[in-house]
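In: Need a 3D model of the sequence below.
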Amino acid sequence: MKPSTAIRAAAVALQRPSELLPAYFLAPAIPVVVRVFPVAGLAVTYLYLSTTGRLADLRTALSNTDLGPPPQNGDPAALEAWMADVQSILEIAMTPTTLAVLGVSLLLAVVVAVALGVVATAAQLSASYARLRDERGTVAAIRGGKRHWLSVLAVRLFEAVLWAVIIGSAAGAVAAGVSASPLLGGLLALVVVPVSLLALVAVRAVFAFAPVAVVVDDAGPLDAVRGGLGFVRSNPVAALVYYGVAVASLFVLGSLAGILAVLGGAPLVGVVGFTAVSPFLDVTKTALYGDARGSVAPPAPPETPLTPRLKSGLRRGWSETVGFVRSAPLLHAASLGFALVGGAVGWTLAAPLAETVPSSIAARLEGHNPISAAVEFGANNWTVAVSTGFAGLALAVPTAVSLWFNGVVLGAIARTETTPLELLAFVAPHGVIEIPALVIAGALGLHLGIVGWRTRFVPQSPLADELERAFWVCVGVGILLAVAGLIEGFVSPYYYRPFL
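Out: So this is what the prediction gives:
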């Protein structure tokens, strides 16, 4: 297969998104799952402080302390007094027990993040390979995530070890040279640094295809590394084309990130990343490697033009969303309940901060740009919706925690707001659409958790059906959030000002 054919195959595979993108929706869901552990650590810490009486002392200290920045008059005594107040508050909260609890929770979060990352990689490459064989991507993703994640993990660890050895050897050589003579150290650096960079590039070049070899060849980690190395040796032109496409894609994504960072639409970069760039690159390199093994064939492009297919996809997304809402009223009530409980907790916890750390919707809207705000709010909220929904695959717990946590944040913001009426006026127009959309995403996560539990010992087809349905529900939720984003950008900040 020519590299150009592989690129076209990747573009064609993306035109049937419901069988491919559910695997890539796992990427933004991983932080939601991981967040469960620090949240649990904070909850245990809160219980410890409450039962030992330290919580009451902490509340008293917070109410008697101005946590705002010290006066900017250069008075050392004022700065020293402010630092002493902050230190006394930290001494109440940061005990050996609380530090141990938080440390363990963060360690667990890192371990789970690494494990889920390789599971997602295995699922995504399996879906990519299946689509190139005209097989069902969601079924392959479920099967491949379970089957290949340990081998992919071993490959990742192997690469990390090689990077550590190369960087450590280079640093050690330069440090030894400097200790003998600064001039010798400088001369060594001129040689060692470029050689090390070339070695790192070579390692990355081989290991870019090693996870693909795990899936395509059904290989163990060592055979996969050999497969990646053999592919690069035997197909240097194809490998170089892929590297060029990857670098160009990342350059375009980085440029977009820089532009949108200035305009305030940075969340859109993440959406483009997990819905387009990542699957495109994965399918491209899988097509190249699979063709070298003679196990893939370019899929036929859809016969229907793009515009009618987009319209049909939006209609299906809306239809699936309406059908899901009607079919699961209890799950939507539970989703709303988790958020409301979190809101009540945030409101209560933020009470001591209401006067010391006030917030203002007027201040947050300073410099408001309607266009960039609409893009930012829509993209960010849709990412939250997708991640909340697909995180529910971990037995629904991360979805419940996410709903609760977001409720806590919103409750705390509302409690510390200096002009509650303005905040309510701002939220009302877009909130009547945005909040129900996020509740639907929460209910979707709870539903996927239940389905995942029920189908854990049965063939993958029922769960695959639900994953494809979840994709279309996310499309429908995206329609709602796009409308809400436009209202939040162009209407909510302005309409009430003549009246308040």
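In: Would you check that Y129 makes contact with D217?
Out: No: at 10.5 Å, Y129 does not count as touching D217 under the criterion of C-beta atoms under 8 Å. Heads up, the C-betas are built off the backbone N, CA and C, glycines and all.
In: And the two? Which one has more around it.
Out: Ranked by neighbour count (other C-beta atoms under 10 Å), Y129 and D217 place Y129 first, with 25 against 17.
In: for that one, what are its contacts?
Out: A140, G144, V212, V215, V216, T286, G290, V296 (C-beta atoms under 8 Å, 6 or more residues apart in numbering).
In: any chance of those in TSV, with neighbour count too?
Out: As requested, the contacts of Y129 are exported to TSV (neighbours: other C-beta atoms under 10 Å):
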residue	neighbour count
A140	26
G144	27
V212	26
V215	28
V216	25
T286	29
G290	25
V296	25
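In: Out of those residues, which two are the most distant from each other?
Out: Comparing all pairs in those by C-beta to C-beta, the longest separation belongs to G144 and V296, at 14.9 Å.
In: Output the lowest-mean-pLDDT helix or strand in the chain as PDB, nothing but the C-alphas.
Out: Least confident helix or strand, the chain: helix 76-93 with a mean of 73, by mean pLDDT, DSSP states H and E. Output of helix 76-93 as PDB, limited to C-alpha atoms (Å, rounded to 0.1, in the frame of the first residue of the first chain):
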ATOM      1  CA  PRO A  76       8.100  43.400  55.400                       C
ATOM      2  CA  ALA A  77       6.200  43.100  58.700                       C
ATOM      3  CA  ALA A  78       2.800  42.900  56.900                       C
ATOM      4  CA  LEU A  79       4.200  40.200  54.500                       C
ATOM      5  CA  GLU A  80       5.600  38.200  57.500                       C
ATOM      6  CA  ALA A  81       2.300  38.400  59.400                       C
ATOM      7  CA  TRP A  82       0.400  37.200  56.400                       C
ATOM      8  CA  MET A  83       2.800  34.300  55.800                       C
ATOM      9  CA  ALA A  84       2.500  33.400  59.500                       C
ATOM     10  CA  ASP A  85      -1.300  33.300  59.300                       C
ATOM     11  CA  VAL A  86      -1.100  31.000  56.200                       C
ATOM     12  CA  GLN A  87       1.400  28.800  57.900                       C
ATOM     13  CA  SER A  88      -0.800  28.400  61.000                       C
ATOM     14  CA  ILE A  89      -3.700  27.300  58.700                       C
ATOM     15  CA  LEU A  90      -1.500  24.800  56.900                       C
ATOM     16  CA  GLU A  91      -0.300  23.400  60.200                       C
ATOM     17  CA  ILE A  92      -3.800  22.600  61.200                       C
ATOM     18  CA  ALA A  93      -4.700  20.800  58.000                       C
END
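In: And the strands in the stretch 351-500 of the chain, which stretches?
Out: With strands called from DSSP state E, counting those that start in this stretch, the stretch 351-500 of the chain shows none.
In: Where does pLDDT dip in it?
Out: 456-460 (pLDDT under 70).
In: do the same with the stretch 1-150 of the chain
Out: Using pLDDT under 70, the flagged stretches of the stretch 1-150 of the chain are 1, 62, 64-75, 77-79, 82, 85.
In: How is this protein divided into domains?
Out: If you go by automatic domain parsing, the domain ranges for the chain are 3-40+101-292, 306-490.
In: Show only the entries of the contacts of Y129 found in helices.
Out: A140, G144, V212, V215, V216, T286, G290 (DSSP state H).
In: Pull the contacting residues for the second one.
Out: Residues touching G144, when contacts are defined by C-beta under 8 Å, 6+ apart, comprise A122, A123, L125, S126, A127, Y129, V215.
In: switch the cut-off to 6 Å
Out: A122, A123, S126, V215 (C-beta atoms under 6 Å, 6 or more residues apart in numbering).
In: With adjacent residues omitted, what lies nearest to V215?
Out: L125 (4.5 Å; C-beta to C-beta, 6 or more residues apart in numbering).
In: ok so, going back, of the contacts of G144, which is the nearest to A6?
Out: Among those, and counting by C-beta to C-beta, the member closest to A6 is V215, at 15.8 Å.
In: What's the end-to-end length of stretch 170-190?
Out: 11 Å (C-alpha to C-alpha, to the nearest Å).
In: Grab the nearest non-local neighbour of A213.
Out: Closest to A213 by C-beta to C-beta, 6+ apart is G227, at 3.4 Å.
In: how about the helix or strand where the one you found lies: buried residues?
Out: G227 belongs to helix 221-234 when assigned by DSSP states H and E. The neighbour-count check on helix 221-234 (16 or more other C-beta atoms under 10 Å) flags P221, D223, A224, V225, R226, G227, G228, L229, F231, V232 as buried.
In: any idea how far the fourth one is from A210?
Out: Relative to A210, V225 is positioned 5 Å away (criterion: C-beta to C-beta, to the nearest Å).
In: can you check the second one too?
Out: Distance from D223 to A210, counting by C-beta to C-beta: 10 Å.
In: And the last one, by the same measure?
Out: Counting by C-beta to C-beta, the gap from V232 to A210 is 10 Å.
In: Same check on the third one?
Out: A224 is 5 Å from A210, where distance means C-beta to C-beta.
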